[in-house]
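>>> predicted model and sequence below, questions to follow.
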Amino acid sequence: MTIGQVARRSDGVFVHLGKCEIPTPEPLSSLLIQLIENGKSHTGVGSPAQTQWLFPGGLPGRPITAKHLADRLRRLGIPTQPHDDRP
């Protein structure tokens, strides 16, 4: 997920996933904006100072895995569940 997939508008903060734009509730909205405004660089050797990834991984140009992200969110008290959007 990139920072370009997050939109801040007068009616809230939205995440663009596929063809959908999804409103985000608090505290997620504030956390997303804080993450974008403060930035987060990669942590690996030779990594760029800034990245377009919202949740950068340890390898330059690659995000963290979905499982790793879910684990980090759960530790912050944000519940996560896998979603299957197949018809």
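Happy to help now that I have it. Residues are numbered from 1 along each chain as shown.

>>> and Arg8, its phi and psi?
phi -110, psi 120 (degrees, to the nearest 10).

>>> nearest residue to it other than its sequence neighbours?
The shortest distance from Arg8 to any non-neighbouring residue, by C-beta to C-beta, 6 or more residues apart in numbering, is to Ile33 (6.1 Å). Every C-beta, even on glycine, is put in place using the N, C-alpha and C of the backbone.

>>> over to His16?
Counting by C-beta to C-beta, 6+ apart, the residue nearest His16 is Gln5, at 4.6 Å.

>>> so for the one you found, what's the pLDDT?
Here, the pLDDT recorded for Gln5 equals 94.

>>> correct me if wrong: it contacts Phe14.
No: the pair Gln5 / Phe14 is not scored as a contact, 9.1 Å apart, by C-beta atoms under 8 Å.

>>> those two: who's more crowded?
Neighbours were counted for Gln5 and for Phe14 using other C-beta atoms under 10 Å; Phe14 has more, 18 against 14.

>>> residues touching that one, list them.
6-7, 21-24 (C-beta atoms under 8 Å, 6 or more residues apart in numbering).

>>> same check on Met1?
15, 53-55, 63.

>>> can you redo these as a markdown table with distance to Asn38, neighbour count and pLDDT?
A markdown table is the format used below for these (distance: C-beta to C-beta, whole Å; neighbours: other C-beta atoms under 10 Å; pLDDT from 0 to 100):
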| residue | distance to Asn38 | neighbour count | pLDDT |
| --- | --- | --- | --- |
| Val15 | 18 | 17 | 95 |
| Trp53 | 14 | 17 | 76 |
| Leu54 | 12 | 19 | 78 |
| Phe55 | 13 | 17 | 72 |
| Pro63 | 18 | 17 | 71 |
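
>>> so which of those are in helices?
Of these, none are assigned to helices by DSSP state H.

>>> ramachandran coordinates for Leu35?
Torsion angles, degrees, to the nearest 10, at Leu35: phi -60, psi -40.
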